[in-house]
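S.K.: Need a 3D model of the following:
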Amino acid sequence: MTMKYDLEVTGVVYTQTPMGISYKCTTNVDGVTIHYTSIIGITFIEGTWSKIKHYQHLTEAQLENLIDKYEETKSLHVNQLNSRFDYGN
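M.R.: Presented below is the predicted three-dimensional model:
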């Protein structure tokens, strides 16, 4: 069953750390971010309690799905832009 959330990822910043890749995701809800840290290997939501309490029920897998959805949309957009240009290939 697919669940719909009003929380959406709007951007991702990846950081290389000595332990691997970590990332921070901005969302469409001001003050709510999603993080993955390679140091402890989990994805979690961060922000003030009054804002994140509405999303505390989201599992790590559901947070990852929100990130995947953003990355798929971004990838499709880049592919559409690339198809408009002739790179001489």
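
S.K.: what pLDDT does Tyr5 get?
M.R.: In this prediction, Tyr5 carries a pLDDT score of 62.

S.K.: And for Gly20?
M.R.: 87.

S.K.: Also Gly41?
M.R.: 87.

S.K.: Which residues lie in contact with Tyr70 in this structure?
M.R.: Contacts for Tyr70 (CB atoms under 8 Å, 6 or more residues apart in numbering) come out as 8-12, 25. All C-beta spots, glycine's among them, are computed from the backbone N, C-alpha and C.

S.K.: Show me the helices in the protein, by range?
M.R.: 49-52, 60-82 (DSSP state H).

S.K.: Tell me which of those sits nearest to His35.
M.R.: With CB to CB as the criterion, His35 lies closest to helix 60-82 of the helices of the chain, at 9.2 Å.

S.K.: Give me the mean pLDDT for the closest one.
M.R.: Helix 60-82 comes out at a mean pLDDT of 79.

S.K.: which residues touch Thr10?
M.R.: By CB under 8 Å, 6+ apart, the neighbours of Thr10 are 25-28, 70.

S.K.: Just the buried ones among those residues, please.
M.R.: 25-27, 70 (16 or more other CB atoms under 10 Å).

S.K.: Distance check, Ile52 against Lys69.
M.R.: Going from Ile52 to Lys69 by CB to CB, to the nearest Å gives 19 Å.

S.K.: Neighbour count for the two, which is higher?
M.R.: Between Ile52 and Lys69, counting by other CB atoms under 10 Å, Ile52 is the more crowded of the two (18 against 12).

S.K.: Confirm for me that that one is in contact with Ile45.
M.R.: Yes - between Ile52 and Ile45 there is a contact at 5.3 Å, judged by CB atoms under 8 Å.

S.K.: Nice, that's everything, thank you.
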